[in-house]
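Participant: Pasted the sequence and its predicted model underneath.
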Amino acid sequence: MLKLYGRPNSINVQKALFCVEDLGIEYELVLAGRGHGVSDTPEFLAMNPNGLVPVIDDDGFILWESNAIVRYLSAKHGAGTLWPDDLPTRASADRWMDWQTTGFSPAYGPAFYTLIRVPEPERDPAQVEAGRKAGEAAAKILDSWLGDHRFVAGDTFTMGDIAIGAAVHRWLNLPLERKPAANLERYYGEVMERASAQKALPLPVT
Ligand SMILES: N[C@@H](CCC(=O)N[C@@H](CS)C(=O)NCC(=O)O)C(=O)O
């Protein structure tokens, strides 16, 4: 059975969880990472020398990097659904996955980290504001795209929505004032209708 190592409040682990739940794959979650330990053991470091989660063990095939995991599982189990058959559609899903990890999440990252992980008396409001501002700019790009696209790669839910859905979940649930973004809200509502999203993307964000 597929083993997934990670902690469920990590966005990168949430992407892998969202993916396995959506694909209906049988899996075992092995709690690992901050608060759970495991990721600093020699056995874990032999799987992922970065000491980071998520990691999967698929019958002896070890893979780390959340988006690589989502792509691998989608290609293996989700041909025609999470893994679109049409090459441009697949490339578009891929593009949004990369944007999530290099653009959107790092943009609001300082606000997320400060508001969720730093004790209130130690919070630097400048970090919150920097994350809010950059997050708004990135969210505006996505909101505009979603005005013309039901899901990020087109009419159907794909692996692109696994990564973007997890990131939107965080952004829209940060205790922050955000500008209204009707397309993003509509999209988030559709993503969260999925049982897999409800399981992988809990509230509050922690
Ligand atoms: N690029 C990697 C980043 C992995 C990463 O930074 N994981 C964080 C959790 S989001 C981690 O393992 N932090 C240390 C820990 O939880 O012990 C990926 O997408 O999988």
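Facilitator: Looks like it arrived, so ask away.
Participant: For the closest residue to the ligand within the chain, which residues are in contact?
Facilitator: Residue nearest to the ligand within the chain: Gly33 (2.9 Å; C-beta to the nearest ligand atom). C-beta: built from backbone N, CA, C; applies to glycine. Going by C-beta atoms under 8 Å, 6 or more residues apart in numbering, Gly33 touches Tyr5, Gly6, Arg7, Ser10, Val13, Ser39, Leu52, Val53.
Participant: I'd guessed Ile69 sits against Cys19; true?
Facilitator: Yes: with contact defined as C-beta atoms under 8 Å, Ile69 reaches Cys19; the gap is 7.2 Å.
Participant: Just want to know which of these two has more residues nearby.
Facilitator: With neighbours defined as other C-beta atoms under 10 Å, Ile69 and Cys19 compare such that Cys19 has more, 31 against 23.
Participant: Could you tell me whether the more buried one really is in a helix?
Facilitator: Yes: per DSSP: H, G, I helix; E, B strand; the rest coil, Cys19 lies within a helix segment.
Participant: Do I have it right that it meets Val70?
Facilitator: Yes: contact criterion C-beta under 8 Å: Cys19 and Val70 qualify, at 4.7 Å.
Participant: which neighbours do these two share?
Facilitator: Listed as contacting both Cys19 and Val70 by C-beta under 8 Å, 6+ apart are Leu82, Met159, Ile162.
Participant: Which one (most neighbours) among those?
Facilitator: Neighbour counts for the shared contacts of Cys19 and Val70 (other C-beta under 10 Å) peak at Ile162, which has 36 neighbours.
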